[in-house]
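S.K.: mind looking at a prediction? Sequence and model below.
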Amino acid sequence: MSAARNPLLAPESIVVIGASDTPGNLGARVIDYQRKYGYRGRIHVVNPRRDSVAGLPCHAAPAALPEVPDLAILAVSAAAAEEAVKSCIEAGIRHGILWAAGFAEVGGEGIARQASLAALCDAHGFSLCGPNTLGIIDTHVPLAATFATPLLQVDRLVPGSIAIVSQSGGTAIHLLGQAQQAGFGLRCMISSGNEAVLRFPDYLRMLAEDDATRVVAAYLEGVQDGADFLDALARLRDAGKPLVILKAGAAEASARAAQAHTGALTGAFRVWRAVLEEHGAILVRSGRELLDVSLLLAAGVRPGGRRVAVVSAAPETAAVAAGLLQGEGLELAGGAPRILDSPPSAATLSDAAASADALLFEDALGLGEPAETEATLATLAQLHAAGAVRAVAALEVAPDTRVALARDGLCVIPTAARAAEALARVLRAPRGDAVARPAPLGFDWAAALPQARAGLVVSEHDCHRLLAAGGLPVAQGRIAHSPEDAAAAFAAIGGTVAMKGISAAVTHRAAAGLLRLGIAGAAEAAAAWRSLAERAATLGVPFEGAYVQRMEQGGVEVIVAAFRDPMFGVMVTCGAGGTATELLDDVAIARAPLDEDAARALIARLRLVRALGDDAPDAAPLARFIAHFSRLAAAIPWAAFELEVNPVKWRAGDAIAVDGLLLLTAP
């Protein structure tokens, strides 16, 4: 659906319900805004206690209007909201914006009031923005369906191609103000409010179909339905519209107890980051960065490169800019900044940008000779139109020049430091290409573990049995319930073994002293069993026996794990394993299941792998292990679990599970 056909963004007629001439009335303010910004549609007013408001005739109810408006702006209290929506529905109106607070955000009766309102809207197909929202601003219509007071100081709405969707009204209007001041404007601003009916993903889908939107910038606190959010992300990605997100609560703390290493390494924010990056969304850290990155994307800069050409008339500022870019992990196209004469020629700028993924023009503009400024602007606009120049960062820019550059679609970021930071965010972002997912394995977990219950800790020997039954390579081992069993197990396995004390009360055996390594004889195995039993008694924990296991030699130790996220389902992780797991905090995470190509990409994200360089084993065996593990984990039916293999021995010809743990929090 194009913007011209979307009643929430581009209504041909609106009705303001609850407007009056009383000073401070918000309904009257929204009428003033439409006149101020030149809304071209028809405006109606409903107020049974007034004959006219702001010079417009009043009607007793929506049903009495001379037409059915596209959009109702409900300037009423929370107590009156449901009746106002009912009257709209009876009149045939199907879209509305409700500003009022006093709903779920206040708790108690407000929650019940919102639930009743949502049920009414859902029953009749009424699309409602809000409640508790600052509304919607469309700069192209233009429509200002908001009561936001900052607009009192804004003379005109500057149109643009960046749409803002925000779960915070204050953040939304602040970003709009910054965009206005910067001269590039916005496509629209949507404050989603309490999302009683229309939710955050609905707005993303709306913008995916909006012809005037090139980039979506979003402030997100959370979503109610993970699958719905994933669908909206895919719609935006498939429409070729980059999404930039400022996520609230970006803390690295985990919501799960760290019985396993998995819980300590996979906090909620990392899950969000993995889900967003999977779909090519770019995660930023501040509102300033949200706008800078969005502006670069709107100017045509795209992920997938590292080279930036720096051009300037001042060698010293060019050198600073170059250093900032290199500090962000970017490469300098041509090996050094290009020092230009002023004004620069199109040929010179084009040549500088030819071998680069973006161009940073680091100079003062609009502060020198007018003729030189005009010549530079014309050159930049010409090259941008041809796709050769996509970014401009200037330390000193006159306001009129900033507006002129924005009008031509060029990105203006006021400092080289900000430009370098934003360019790194964009160029190094994942592309988020759509990938086909394999099916989960047809493994019957419930039959394989019939004793599943909340709080169950599946000991290593049982965990290894499950992994092997699921088709994963596992180091040979057997449980020993006595010193004699331990000696027999050693004789059966041969070579050198490790012995691990098994206790449901202990998940980190090495730290508890329940691990013996390098055992090379039957008598030594029997003695090790006794020492493990004694250690368990000293700790005061149950001792279920010792797991005697072949010691797999060589290779790189990696942790491979999975857990069910309550919002996005089963996630799989890999990272530095063994004793380095928590020390290095080096982990990559993705939604399960993965194919081998996706698993290989996950491995490549690890600092461990980059540090090994040419010394890293062939990735194929580990990719096969992770892909199969992810399909096995994706079949787990339980509501909350952690399945961890630490370490997996990754070697040139294979990858094999050495230590396993399964925790069931909620079956």
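M.R.: Right, received. Where do you want to start?
S.K.: could you use CA atoms for every contact and neighbour count after this?
M.R.: Noted.
S.K.: helices along the stretch 451-600 of the chain, start to end?
M.R.: For the stretch 451-600 of the chain, the helices identified by DSSP state H, counting those that start in this stretch occupy 460-469, 483-493, 509-512, 522-539, 581-584, 596-604, in order along the chain.
S.K.: mind listing what's buried along the first one?
M.R.: For helix 460-469, the buried set under the neighbour-count rule, 16 or more other Cα atoms under 10 Å, comprises 460-467.
S.K.: next: stretch 296-314.
M.R.: Judged by neighbour count (16+ other Cα under 10 Å), stretch 296-314 contains these buried residues: 296-303, 305-314.
S.K.: export it as PDB, just CAs?
M.R.: Output for stretch 296-314, consisting of C-alpha atoms alone and laid out as PDB, is shown next (Å, rounded to 0.1, in the frame of the first residue of the first chain):
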ATOM      1  CA  LEU A 296      23.900   7.800   5.800                       C
ATOM      2  CA  LEU A 297      21.500   5.000   4.700                       C
ATOM      3  CA  ALA A 298      19.100   7.500   3.200                       C
ATOM      4  CA  ALA A 299      22.000   9.000   1.200                       C
ATOM      5  CA  GLY A 300      22.800   5.600  -0.300                       C
ATOM      6  CA  VAL A 301      25.600   4.200   1.900                       C
ATOM      7  CA  ARG A 302      25.100   0.500   2.400                       C
ATOM      8  CA  PRO A 303      26.700  -2.300   4.500                       C
ATOM      9  CA  GLY A 304      29.300  -4.600   3.100                       C
ATOM     10  CA  GLY A 305      32.400  -2.400   2.700                       C
ATOM     11  CA  ARG A 306      35.200  -0.900   4.700                       C
ATOM     12  CA  ARG A 307      36.900   1.700   2.400                       C
ATOM     13  CA  VAL A 308      36.300   5.400   2.900                       C
ATOM     14  CA  ALA A 309      37.800   8.100   0.800                       C
ATOM     15  CA  VAL A 310      38.700  11.300   2.700                       C
ATOM     16  CA  VAL A 311      39.000  14.500   0.800                       C
ATOM     17  CA  SER A 312      39.700  18.000   2.200                       C
ATOM     18  CA  ALA A 313      41.300  21.300   1.400                       C
ATOM     19  CA  ALA A 314      43.000  21.200   4.800                       C
END
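S.K.: show the average pLDDT along that stretch.
M.R.: Predicted confidence along stretch 296-314 averages 88 (mean pLDDT).
S.K.: give the residue farthest from the middle of the protein.
M.R.: Note on the chain: the largest separation between a C-alpha and the mean C-alpha position, by Cα atoms, centre = their mean, falls on Ala523 (55.9 Å).
S.K.: so who does it touch?
M.R.: Ala487 (Cα atoms under 8 Å, 6 or more residues apart in numbering).
S.K.: give me the neighbour count for Glu484.
M.R.: Other residues near Glu484 number 16, with proximity taken as other Cα atoms under 10 Å.
S.K.: how close does Ala505 get to His464?
M.R.: Ala505 sits 18 Å away from His464, going by Cα to Cα, to the nearest Å.
S.K.: show the contacting residues for Ala336.
M.R.: Shown in contact with Ala336 (Cα under 8 Å, 6+ apart): 310, 322.
S.K.: let's see the pLDDT reported for it.
M.R.: For Ala336, pLDDT reads 91.
S.K.: where does it fall, secondary structure wise?
M.R.: For Ala336, there is no enclosing helix or strand under DSSP states H and E.
S.K.: isn't Gly130 right next to Ala101, touching?
M.R.: No: shown here, Gly130 and Ala101 do not form a contact pair, counting by Cα atoms under 8 Å, at 9.0 Å.
S.K.: looking at these two, which is more packed in?
M.R.: Counting neighbours by other Cα under 10 Å for Gly130 and for Ala101 shows that Gly130 has the greater number, 25 against 19.
S.K.: ok, the nearest residue to that one once chain neighbours are set aside - contacts?
M.R.: Taking Cα to Cα, 6 or more residues apart in numbering as the measure, Gly130 lies nearest to Gly193, with 4.6 Å between them; neighbours along the chain are not counted. Counting by Cα under 8 Å, 6+ apart, Gly193 makes contact with 129-134, 167-169.
S.K.: stretch 475-495: which residues count as buried?
M.R.: Neighbour-count burial for stretch 475-495 flags 475-480, 482-490, 493 (criterion: 16+ other Cα under 10 Å).
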